[in-house]
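Q: Give the three-dimensional model of this entry:
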Amino acid sequence: MAANCSEPFSVAFCRVLIGITALIVPAWQREEWKREWLAEIWHRWQFLFHSGEWTGREQMRLFCDCAGALPDAGWYFLSQERLQNRWREGMRSPWTCLGGLAALTAILAVATHGFPACRQMAETLILRHDSNRAVVLWAQPFGRTAHGMPSDVIAGWRKYSHALKSIGSFDIRKRFVQMGRSAPQQRTVVTTDEQFFDALGTRALVGALRAGSVAIDYAEWTSQFHRDAHVIGRKIVVGKREYAISAVLPRGFQFLSRQRSIYVVGQDMPAEEAVVVARVRAATDFNTLERELSKIAADENYYFLLHPELRITTVREVIWAPVRVFALTVCISALLSLCALRVRVGRVRAALAVADRRDSFRRIAFFTGKLAISMALVFAAGLEWARPDSSMLLTWTDGGSGPLIVWLFVFGTMAAFFWAIADQRGRCRVCLRLLAFPVRIGCPGCVLLDWSGTELLCSEGHGVLHVPHMATSWEEQSDRWVPFDESWRGLFAGRTSG
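A: Got it, this is the predicted structure:
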C-alpha cells in the first residue's frame, strides 16, 4: 500500500523531527525508541489516507502529536541511573545549598524591586555624612499619642537656643496636586518653613528655595517633567492654592520617605503643631540639648515638658533603627538556639579538632556563609515588609522600629539558626555533603544494654554518623562521627560513579 502513494511532506517532516529528537535518548535505547515512534506515524498516515480522512487538520494533529516526542526523549535521558546519581549527589553538595540561598535572594530582590528600603539606608550612610547632627524633635506624653510641638515653642527655641544651629518645622499630609492640564493626583506634600532645608544641609540642584513657592524632589522632576531645566516658574495647584516651582532638590535627598514628595516652602504652617527638624552644633550632646529646650519652653512659653515627653533622635537613627533591632534579635535568637539544640562548647571543639586544618576552615567558612546569607534574607525581607514607602512620614509611626518587625526578626532569625545548625549536623565532616543511606540499627527500647539509632554514611566514604533514637543522660555526645580510612574510599567511589 505504501508503494501506491508518495509520502507527504508532513510525514517526512515528522520523520526528520523524530530522528533529531532521538539524539537525546541514550544510545542503547535509541533505535527501539525511534522505531516505535516512526511505526506509530506510518500506521496513522496509512490508515487515514486509505480511509479518505487524511486532511489538513489531521496533518496538524500529527505535528502536535510528534511534538510530544521531545518530553518523551527527555524522560528517557533523565531516567538514566548515572544522571540520577549525579542529581542526588548534586543536591547533597554544599554549593547547592549556597546556590539555593542565592536564588532566594535574587527572587526577593525581584519581588521587592531591588530592596528599596535597604538601599535607602545605604544611601543615607554614603551621601549624608553629617546626618548625626540633624535631629527630629516631637512630644510624646506618657500614655498618650505622639504629636508635634506648638508653634510658639518652636519660635522660642529659634530665638533663645544656643545648642541648635538652625531650626525648621514641617507638616506632612496627603493632598491633591494638579500639574498642567493633567487630572489632580494625590501626592505627599511636606509644608515647611525656610529654615527646614538649612537644618538638613540641603541646597537646590536647580533654581533657588524661597518662601511662597514649591520645591520638588528629583524623582518628581524626572517622572513628571522629564528633567526639563525650564521647569522653574511653572505653576502647579496644591490643594486649592496655586504655587510656582522655584527649585529642584538634589538626587540623593530623601527626608524620611521614599515616596515622591512636593515641598511647599513658606511661613504659614497648616497646623498649630508641627514636627521640628534642627541641626545641632558640633560640641553639644543630647542631654544638654534636652535640658536647654525644656527650660526655654517652660520659661518663655509656660509649656512644661517632663523628662520622657521631649523626644530627640537623629535622622540617621530613624533610618537605621531596624539595624539595632535586628542585632538584638540575632543575639537573643543565637542564645535560645544554642540552648534548645544543646550545642556544647566541648562538642564544637571536638568537631573542629580534625587532623586536616583545611577541613576545619572549610566547615567554619561554610557554616558562616550559610548563616550570613540566611540572616541577610531575614533582615531584607523583614525590612521591606515592615517599612513601606510612606512608613517614616512621621518618626513615631515608623514600621522599621515597631513590634511587627521585631516579631518578624525573632521568628526569622530563630528559624535560620535552627536550620543552619541542623543542616550542619547532617553533613559530612570532610566534604560537607549531606549524609545519605540511612540504616536503622537496634531496638528503640533497648537503650540500657544496647545501642539503637540510625547510621548515615558519606557518599564519598569519609565516615559514618551515629544518631541515637533516644539521647540518654549518661551520654555526653548523643551523635558520634566515625571517620573512615582510605581503604573504604574505593567502595564508595564505585557506588557513586555507577
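Q: Mind giving me the packing neighbours of the helix or strand harbouring Trp157?
A: Element membership of Trp157 [criterion: DSSP states H and E] is helix 151-160. Taking 3 or more Cβ pairs under 8 Å, 6 or more residues apart in numbering; DSSP states H and E as the contact definition, the neighbouring helices and strands of helix 151-160 are strand 164-179, strand 273-280, helix 286-301. From N, CA and C alone the C-beta is placed, and that goes for glycine too.
Q: could you redo the last one with a cut-off of 10 Å?
A: strand 134-139, strand 149-150, strand 164-179, strand 273-280, helix 286-301 (3 or more Cβ pairs under 10 Å, 6 or more residues apart in numbering; DSSP states H and E).
Q: now for these, which one comes closest to Phe225?
A: Closest of those to Phe225 is strand 164-179, at 8.2 Å (criterion: Cβ to Cβ).
Q: ok, the following helix or strand past that closest one: who's next to it in the sheet?
A: Moving toward the C-terminus from strand 164-179, the next helix or strand (DSSP H and E) is strand 185-192. Its sheet considered, strand 185-192 pairs with strand 164-179 (antiparallel), strand 261-265 (parallel) by DSSP bridges.
Q: now, of those, which is deepest in the fold?
A: Of all these, strand 261-265 has the most neighbours on average by mean count of other Cβ atoms under 10 Å, namely a mean of 22.
Q: Alpha carbons only: can I get the helix holding Trp157 in CSV?
A: Below are the C-alpha coordinates for helix 151-160, written out as CSV (Å, rounded to 0.1, in the frame of the first residue of the first chain):
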residue,chain,number,x,y,z
SER,A,151,4.3,77.0,67.0
ASP,A,152,5.1,79.4,69.9
VAL,A,153,7.5,76.8,71.4
ILE,A,154,9.3,76.5,68.1
ALA,A,155,9.6,80.2,67.8
GLY,A,156,11.1,80.4,71.4
TRP,A,157,13.6,77.7,70.5
ARG,A,158,14.6,79.5,67.4
LYS,A,159,15.1,82.7,69.3
TYR,A,160,16.9,81.6,72.5
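Q: of all the helices and strands packed on helix 151-160, which lies closest to Gln224?
A: When those are ranked by proximity to Gln224, the top entry is strand 164-179, at 5.8 Å, counting by Cβ to Cβ.
Q: can you give me the helices for the stretch 251-400 of the chain?
A: When secondary structure is read from DSSP state H, counting those that start in this stretch, the stretch 251-400 of the chain shows helices at 286-301, 315-319, 321-340, 345-352, 357-386.
Q: can you list contacts of the first one?
A: Translated: helix 286-301. Outside helix 286-301, the residues that touch it by Cβ atoms under 10 Å, 6 or more residues apart in numbering are 135, 137, 139, 149-164, 167, 276, 278, 280-281, 284, 303-307, 309-314.
Q: Buried ones in that helix, by neighbour count?
A: Using 16 or more other Cβ atoms under 10 Å as the test for burial, helix 286-301 gives 289-290, 292-294, 296-297, 301.
Q: And what about Ala211, helix, strand or coil?
A: coil (DSSP: H, G, I helix; E, B strand; the rest coil).
Q: what about the residue nearest to it when sequence neighbours are not counted, neighbour count?
A: Leaving aside its chain neighbours, Ala211 sits nearest to Gly266 (5.0 Å; criterion: Cβ to Cβ, 6 or more residues apart in numbering). The burial metric for Gly266, expressed as a neighbour count using other Cβ atoms under 10 Å, is 16.
Q: Check whether Gly266 really touches Val238, as I assumed.
A: No - Gly266 lies out of contact with Val238 (Cβ atoms under 10 Å); the separation is 11.0 Å.
Q: how about the CA coordinates for stretch 196-204, as PDB?
A: As requested, the backbone C-alpha atoms of stretch 196-204 are provided in PDB (Å, rounded to 0.1, in the frame of the first residue of the first chain):
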ATOM      1  CA  PHE A 196      13.900  73.400  57.000                       C
ATOM      2  CA  PHE A 197      16.400  72.800  54.300                       C
ATOM      3  CA  ASP A 198      19.200  74.600  56.200                       C
ATOM      4  CA  ALA A 199      18.700  72.200  59.100                       C
ATOM      5  CA  LEU A 200      19.100  69.300  56.700                       C
ATOM      6  CA  GLY A 201      22.100  70.800  55.000                       C
ATOM      7  CA  THR A 202      20.400  70.700  51.600                       C
ATOM      8  CA  ARG A 203      20.700  73.100  48.700                       C
ATOM      9  CA  ALA A 204      18.700  73.200  45.500                       C
END
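Q: What are the buried residues along that stretch?
A: Using 16+ other Cβ under 10 Å as the test for burial, stretch 196-204 gives 196-202, 204.
Q: now swap in stretch 318-332 and tell me
A: Taking 16+ other Cβ under 10 Å as the neighbour-count basis, stretch 318-332 is seen to contain the buried residues 318-322, 325-326, 329-330.
Q: On the C-terminal side of the helix or strand encompassing Glu58, identify the next helix or strand.
A: In the assignment (DSSP H and E), Glu58 maps to helix 56-67. Sequence order places helix 69-78 as the next helix or strand after helix 56-67, per DSSP H and E.
Q: And that following helix, what's buried?
A: By neighbour count, and taking 16+ other Cβ under 10 Å as the criterion, the buried residues in helix 69-78 are 69, 73, 76.
Q: pLDDT and distance to Leu408 for those residues - can I get that in TSV?
A: What follows is those, written out as TSV (pLDDT from 0 to 100; distance: Cβ to Cβ, whole Å):
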residue	pLDDT	distance to Leu408
Ala69	86	49
Ala73	85	47
Tyr76	80	47
